[in-house]
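Student: Pasted the sequence and its predicted model underneath.
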Amino acid sequence: MKNKLTALIGTVALMAAMLPVNVTAYWTDGYEVLLNGNSIGIVEYENEVSSMLAVVNYQLVSAYDEEAVIEPEIQLRAKLVSSEKLLDKNTLHDEIASVSDKMVEAVRITVDGAESVAVSDMETAESAVNMVIDSYTVEGSKAVVVELVGFVDQMVPEAEIRTAEEAAEHIITEKLITVSSEVAEEDIKEFTPEPTEYEDENVYAGVRVTTDKGTAGQIKVVTVKSYVNGELMATATEETVIDEGVPAKIAIGTKPRPSGIGTGSFIMPTKGRLTSSYGRRWGRMHNGLDIAAAAGTPIYASDDGVVICAEYSNSFGNLIKIDHGNGFETYYAHNSEILVSYNEPVKKGQIIAQMGSTGRSTGPHCHFEIHYNGQVQNPMDYLK
């Protein structure tokens with residue numbers, strides 16, 4: 001008899017070991033919910049159903065009025081149940097809400113778990129969120145939504161259903177979603193390398209001569225602009241040298257300068273307003289500076305030298321040329337009166353003419369040029 005009992009216990013133990021076990025579930029006291037006589041599931045606590053009924057009625061009253069309140073017949077039966085069979089809150093809500101003909105199936109948009117606006121279906125919900133993102137997205141950027149946006153199937157009062165446009169407007173007005181975006185702009189800029197200077201015994205002392213203009217370098221500039229909801233919040237710039245260029249070479253004269261030879265350092269030939277610079281103008285090259293002032297304003301020798309031209313010269317009008325004896329020549333055009341003569345020595349700062357508008361001119365001004373070894377130079381490279 002003892003052996004048969006032992007065998008029976010062993011068989012029961014073996015059958016128990018073969019039963020499936022869910023280690024995440026547990027058994028608890030619960031309540032089967034009968035709604036208008038129909039079982040809708042099991043809850044853990046008695047007050048869950050009444051609390052959820054209050055939530056549904058609050059939604060109905062908010063959307064309609066007191067007449068929309070539902071009063072279903074609710075019965076609870078105590079049971080010992082597995083935790084995994086308990087009704088979740090959303091399902092309980094929808095089962096109770098289905099009693100009302102004013103509650104319909106919808107999709108509720110959530111932001112970081114908080115419920116917001118409701119729309120008819122998932123396609124409309126996604127469209128609404130995309131509208132919000134598009135409204136905040138800056139052209140050329142990739143937008144990122146900061147919050148966690150979700151979608152929940154839920155019964156809601158039909159009056160709460162919004163179109164995609166209305167839902168998007170609600171989200172924007174209430175500032176429920178934050179959209180972050182960045183725009184990277186790339187530009188190439190030129191820069192002038194610091195020139196290399198060297199002493200040259202063949203150039204007069206005090207004279208600086210550019211013997212090699214060099215080439216400009218290039219810098220890649222990347223500017224990143226950060227936006228939040230379409231508003232610029234920060235700008236960061238990073239520069240990278242992609243071409244160092246070639247520095248210009250400047251000869252510094254050391255040769256003793258005899259009397260009557262220019263210093264190589266020039267002063268502005270007159271006082272006035274700079275109206276045109278050296279470079280391209282009106283489709284052609286403008287070889288000097290135009291400095292405008294009242295007619296009769298004094299014109300000065302820009303450096304020591306000898307006058308090699310003091311006469312009327314076609315488009316230049318009354319023209320003075322000074323040879324500075326060191327490879328440099330200067331031109332002073334459109335004068336109303338010439339105050340020096342051919343082959344006359346002049347000193348830097350000496351008055352040589354009065355400003356006018358002779359020749360091809362649109363008004364009183366001094367057209368000033370600097371030449372070196374027969375080549376036109378940019379005066380701004382030499383003026384002090």
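Tutor: Thanks, I have it. Numbers count the residues shown, from 1 in each chain.

Student: For the closest residue to residue 355 other than its chain neighbours, list the residues it contacts.
Tutor: Excluding the flanking residues, the one nearest residue 355 by Cβ to Cβ, 6 or more residues apart in numbering is residue 297, at 4.1 Å. Any C-beta I mention is one placed from the backbone N, CA and C, and that applies to glycine too. Each residue near residue 297 by Cβ atoms under 8 Å, 6 or more residues apart in numbering is listed here: 270-272, 354-355, 364, 366.

Student: Next, the residue nearest the centre of the chain: secondary structure please.
Tutor: Relative to the mean C-alpha position of the chain, the nearest C-alpha, by Cα atoms, centre = their mean, is the one of residue 225, at 2.8 Å. Of the three states, residue 225 takes strand under DSSP: H, G, I helix; E, B strand; the rest coil.

Student: what sits opposite it in the beta ladder?
Tutor: Note on residue 225: beta-bridge partners residue 183, residue 235, judged by DSSP bridges.

Student: doesn't residue 231 make contact with it?
Tutor: No: the criterion here is Cβ atoms under 8 Å, and residue 225 misses it with residue 231 at 10.8 Å.

Student: Need the overlap of contacts for the two.
Tutor: Joint contacts of residue 225 and residue 231 (Cβ under 8 Å, 6+ apart) do not exist.

Student: Tell me where the protein has helices.
Tutor: In chain order, the chain shows helices spanning 2-18, 47-63, 89-97, 122-136, 164-173, with DSSP state H as the criterion.

Student: pull the CA atoms of the third one into PDB?
Tutor: In other words, helix 89-97. This file holds the C-alpha atoms of helix 89-97, laid out as PDB (Å, rounded to 0.1, in the frame of the first residue of the first chain):
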ATOM      1  CA  LYS A  89      -7.500  51.100 -18.200                       C
ATOM      2  CA  ASN A  90      -7.900  52.000 -21.800                       C
ATOM      3  CA  THR A  91      -9.900  48.800 -22.500                       C
ATOM      4  CA  LEU A  92     -12.100  49.400 -19.500                       C
ATOM      5  CA  HIS A  93     -12.700  53.000 -20.600                       C
ATOM      6  CA  ASP A  94     -13.700  51.900 -24.100                       C
ATOM      7  CA  GLU A  95     -16.000  49.200 -22.900                       C
ATOM      8  CA  ILE A  96     -17.900  51.600 -20.600                       C
ATOM      9  CA  ALA A  97     -17.900  54.400 -23.300                       C
END
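
Student: what's it packed up against?
Tutor: Other helices and strands packing on helix 89-97, by 3 or more Cβ pairs under 8 Å, 6 or more residues apart in numbering; DSSP states H and E, are strand 27-35, strand 38-43, helix 47-63, strand 149-157.

Student: okay, the ones you listed in a markdown table with mean pLDDT, mean neighbour count and distance to residue 88 next?
Tutor: Putting those into a markdown table (pLDDT from 0 to 100; neighbours: other Cβ atoms under 10 Å; distance: least, Cβ to Cβ, whole Å) gives the following:
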| stretch | mean pLDDT | mean neighbour count | distance to residue 88 |
| --- | --- | --- | --- |
| strand 27-35 | 87 | 17 | 13 |
| strand 38-43 | 92 | 16 | 9 |
| helix 47-63 | 93 | 16 | 11 |
| strand 149-157 | 93 | 18 | 11 |
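
Student: Export those to CSV and append columns for distance to residue 208.
Tutor: What follows is the helices and strands packed on helix 89-97, written out as CSV (distance: least, Cβ to Cβ, whole Å):
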stretch, distance to residue 208
strand 27-35, 96
strand 38-43, 95
helix 47-63, 85
strand 149-157, 67
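
Student: Nearest to residue 238, out of the ones you listed?
Tutor: Nearest of the helices and strands packed on helix 89-97 to residue 238, taken as Cβ to Cβ: strand 149-157 at 32.4 Å.

Student: sorry, back to before: and the helices of the chain, which one's lowest on average pLDDT?
Tutor: The stretch with the lowest average pLDDT out of the helices of the chain is helix 2-18, scoring a mean of 36.

Student: surely residue 85 meets residue 42?
Tutor: Yes: Residue 85 is in contact with residue 42 according to Cβ under 8 Å; the separation is 5.8 Å.

Student: residues contacting residue 118?
Tutor: With contact set as Cβ under 8 Å, 6+ apart, residue 118 has these partners: 106-109, 154, 156, 160-162, 167.

Student: how far away is it from residue 167?
Tutor: Distance check for residue 118 against residue 167: by Cβ to Cβ, to the nearest Å, it reads 8 Å.

Student: what is in contact with these two at once?
Tutor: residue 109.

Student: sorry, back to before: where does the residue nearest to residue 355 fall, phi/psi-wise?
Tutor: Dihedral angles phi and psi of residue 297 (degrees, to the nearest 10) take the values phi -60, psi 130.

Student: Distance to residue 187 added to the contacts of residue 118, as CSV?
Tutor: As requested, these are exported to CSV (distance: Cβ to Cβ, whole Å):
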residue, distance to residue 187
106, 49
107, 45
108, 46
109, 40
154, 51
156, 51
160, 50
161, 49
162, 44
167, 40
